[in-house]
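Trainee: Need a 3D model of the sequence below.
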Amino acid sequence: MNLKKILFLLILGLFCLPILQYTFNIIEVNPLAGVNPKFKERPKPTLKSWFSANFQDSTNLYFDEQIGFKPWLIKLTNQIDYSLLNHTTAPGVVIGKEDYLYIESYILGYIGQNYIGEEKISEKVNNLQEISDFLDKQGVSLIVTFAPGKASFLPEYIPNKYDPENPKTSNYNTYSKLLSESNIRFLDFNDYFKMQKKNFPYPVYSKVGTHWSSYAKSVVLDSIIHFIEKDRNIDMPDFEFNNINLSDSLEKVDWDIEEQMNLLWPLEHIKMPYPNYNFFSYGKNKPNTIVISDSYWWCMVADRLPNKIFNTDEYWFYFKDRHINNVKQKRDVANTNIKDELLKQNVILLMATEATLHMFPYGFDERFNKDIIVAEQYDQMPFNDKVTYWTNQIKKDPKWFTSIQAKAKAKGISTEEMLRLDSEFMARK
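Mentor: Here you go, the predicted structure:
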């Protein structure tokens, strides 16, 4: 057999390998991180899908997703991009100096590129102050907490193209200033960690992750416990995080950026600290608590820490999804009676990091004002004031007001008379 035939057979074999892998699953191949296949089963033809070409299109997509060795081929491409070009196509991932990895939203928050302005932030802080004052009367403590951010804590590794040495006014700068000047309970760990940077005995961030280390979050949790104890004059469970083990084997939270990059080989990283947790709860007070936060609180929940110190481990992720004891609930926040849930708490903890401050407090202030504060004020109104309230609401809603005009015409009465009747109906209801 000559060389040409051998090469031909080798090339043919290479082309057949993905089909053989798909058919017989010769080698177990791990799926790509962060990729959810659209088609888990091969589409089945129907008369309608065949003639509309939906079956053909979906079958092409299915084989494109499921073809054998595809994860390896993608990882190989990603590895070449990273190793030879210092580049990654992973969404939002930035390769910094000395191979420190960042999520770009943290950098943009740090340099002030997503700044929403002092006027908007002042409005948010005023809303939170009103909510805090309202909750104080109900015996509930509202605590605003800023977690540290990787870009703020390690700006020296941010690529020069972001001009990290000359950050502009950021959401964090304005929020921290206005919150410090308010009467809102405010814990600024972003500032604390920056000031104590040289004094920490263990890493606060890994090179290849975006969230705080187990050691850093333990420092924060311990401080939150002591703050609540002093604020509410209670004795909460004792929390110890001694016997810290520096390990080269990283837990998932410490390489969550690297995982998104889907590389063939692991990146170089520093050893990370993993404490042993101890709790002493006998005879202690565990306050009812709801935490409304971005992903930084996930790190607490993942280690099952909140249910050791709070009576309830309830976490409202971005004020959207409800998680109790790390289990996502079928009923989300939008379909929850927040008055019933929030007013039975002892503590409501709002947490954010620099990456999400442009969204903070995630709609909590608007919903609380509408569903609780305004609703309570409305309940105390005299009947005639309620009628006026609904009259104004109807006039502000073009569709609603148009329906009033149509009903008035059908009944043969004036629009003003119909407006009064509907407003009275709403006031009684």
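Trainee: can you tell me which residues contact residue 355?
Mentor: 103, 105, 106, 108, 109, 149, 294 (Cβ atoms under 8 Å, 6 or more residues apart in numbering). C-beta here means a position set from N, CA and C on the backbone, and glycine is covered the same way.
Trainee: In a markdown table, list those residues along with distance to residue 405 and neighbour count.
Mentor: Formatted as a markdown table, these follow (distance: Cβ to Cβ, whole Å; neighbours: other Cβ atoms under 10 Å):
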| residue | distance to residue 405 | neighbour count |
| --- | --- | --- |
| 103 | 52 | 23 |
| 105 | 47 | 20 |
| 106 | 52 | 23 |
| 108 | 48 | 20 |
| 109 | 48 | 26 |
| 149 | 53 | 31 |
| 294 | 45 | 18 |
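Trainee: remind me which residues of the stretch 101-250 of the chain are low pLDDT?
Mentor: Applying pLDDT under 70 to the stretch 101-250 of the chain flags no residue at all.
Trainee: what about residue 75, distance to residue 293?
Mentor: With the distance defined as Cβ to Cβ, to the nearest Å, residue 75 ends up 32 Å from residue 293.
Trainee: who has more neighbours, these two?
Mentor: The residue with more neighbours, out of residue 75 and residue 293, is residue 293; 25 against 19, by other Cβ atoms under 10 Å.
Trainee: tell me the pLDDT at that one?
Mentor: Residue 293 is assigned 97 on the pLDDT scale.
Trainee: Dump the helix or strand hosting residue 107 to PDB, restricted to CA.
Mentor: Taking DSSP states H and E as the criterion, residue 107 maps to helix 104-111. These are the backbone C-alpha positions of helix 104-111, laid out as PDB (Å, rounded to 0.1, in the frame of the first residue of the first chain):
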ATOM      1  CA  GLU A 104     -15.400  42.600  32.700                       C
ATOM      2  CA  SER A 105     -18.400  43.900  34.600                       C
ATOM      3  CA  TYR A 106     -16.200  44.200  37.700                       C
ATOM      4  CA  ILE A 107     -13.700  46.300  35.800                       C
ATOM      5  CA  LEU A 108     -16.300  48.500  34.300                       C
ATOM      6  CA  GLY A 109     -17.800  49.100  37.800                       C
ATOM      7  CA  TYR A 110     -14.400  49.900  39.200                       C
ATOM      8  CA  ILE A 111     -13.400  52.400  36.500                       C
END
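Trainee: Strands along the stretch 101-250 of the chain, start to end?
Mentor: If DSSP state E, counting those that start in this stretch is used as the criterion, the strands of the stretch 101-250 of the chain fall at 101-103, 141-146, 185-188, 238-247.
Trainee: Determine the set of other helices and strands touching the second one.
Mentor: So the one you mean is strand 141-146. helix 118-137, helix 171-181, strand 185-188, helix 189-195, helix 214-232, strand 347-352 (3 or more Cβ pairs under 8 Å, 6 or more residues apart in numbering; DSSP states H and E).
Trainee: repeat that with 10 Å
Mentor: With contacts taken as 3 or more Cβ pairs under 10 Å, 6 or more residues apart in numbering; DSSP states H and E, strand 141-146 sits against helix 118-137, helix 171-181, strand 185-188, helix 189-195, helix 214-232, strand 289-293, helix 296-302, strand 347-352.
Trainee: closest to residue 207 out of the ones you listed?
Mentor: helix 214-232 (14.6 Å; Cβ to Cβ).
Trainee: now the angle from that closest one to strand 238-247?
Mentor: Relative orientation of helix 214-232 versus strand 238-247 (axes from the mean of the first three to the mean of the last three Cα atoms, to 10 degrees): 170 degrees.
Trainee: in helix 214-232, what's buried?
Mentor: 214-221, 224-225, 227-228, 232 (16 or more other Cβ atoms under 10 Å).
Trainee: how far does that helix sit from the chain's center?
Mentor: Distance of helix 214-232 from its chain centroid, counting by Cα atoms, centre = their mean, to the nearest Å, is 21 Å.
Trainee: for stretch 265-281, same thing?
Mentor: On Cα atoms, centre = their mean, the centre of stretch 265-281 falls 22 Å from that of its chain.
Trainee: Give the buried residues for that stretch.
Mentor: 269, 272, 273, 274, 275, 277.
Trainee: One more: stretch 111-118?
Mentor: In terms of neighbour count (16+ other Cβ under 10 Å), stretch 111-118 has its buried residues at 111, 112, 114, 115, 116.
Trainee: ok, now which ones touch the third one?
Mentor: Counting by Cβ atoms under 10 Å, 6 or more residues apart in numbering, residue 114 makes contact with 105, 108, 170, 171, 354, 355, 356, 357, 358, 359.
Trainee: Residue 414 is nearest to which of the helices and strands packed on strand 141-146?
Mentor: In terms of Cβ to Cβ, the element of the helices and strands packed on strand 141-146 nearest to residue 414 is helix 118-137, at 39.2 Å.
Trainee: what are the ranges of the strands in the stretch 301-429 of the chain?
Mentor: Ranges of strands in the stretch 301-429 of the chain, per DSSP E, counting those that start in this stretch, are 314-317, 321-324, 327-328, 347-352.
Trainee: tell me the mean pLDDT for the third one?
Mentor: The average of the pLDDT scores along strand 327-328 is 92.
Trainee: Partner strands of that strand and their direction?
Mentor: Strand 327-328 has the following strand partners under DSSP bridges: strand 321-324 (antiparallel).
Trainee: Only alpha carbons, please: show the strand it pairs with as PDB.
Mentor: Output in PDB follows, covering the C-alpha atoms of strand 321-324 (Å, rounded to 0.1, in the frame of the first residue of the first chain):
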ATOM      1  CA  ASP A 321     -35.600  33.900  42.400                       C
ATOM      2  CA  ARG A 322     -36.300  32.700  45.900                       C
ATOM      3  CA  HIS A 323     -34.000  30.100  47.400                       C
ATOM      4  CA  ILE A 324     -34.600  28.500  50.800                       C
END
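Trainee: Show me which residues of it are buried.
Mentor: For strand 321-324, using 16+ other Cβ under 10 Å, the buried residues are 322, 323.
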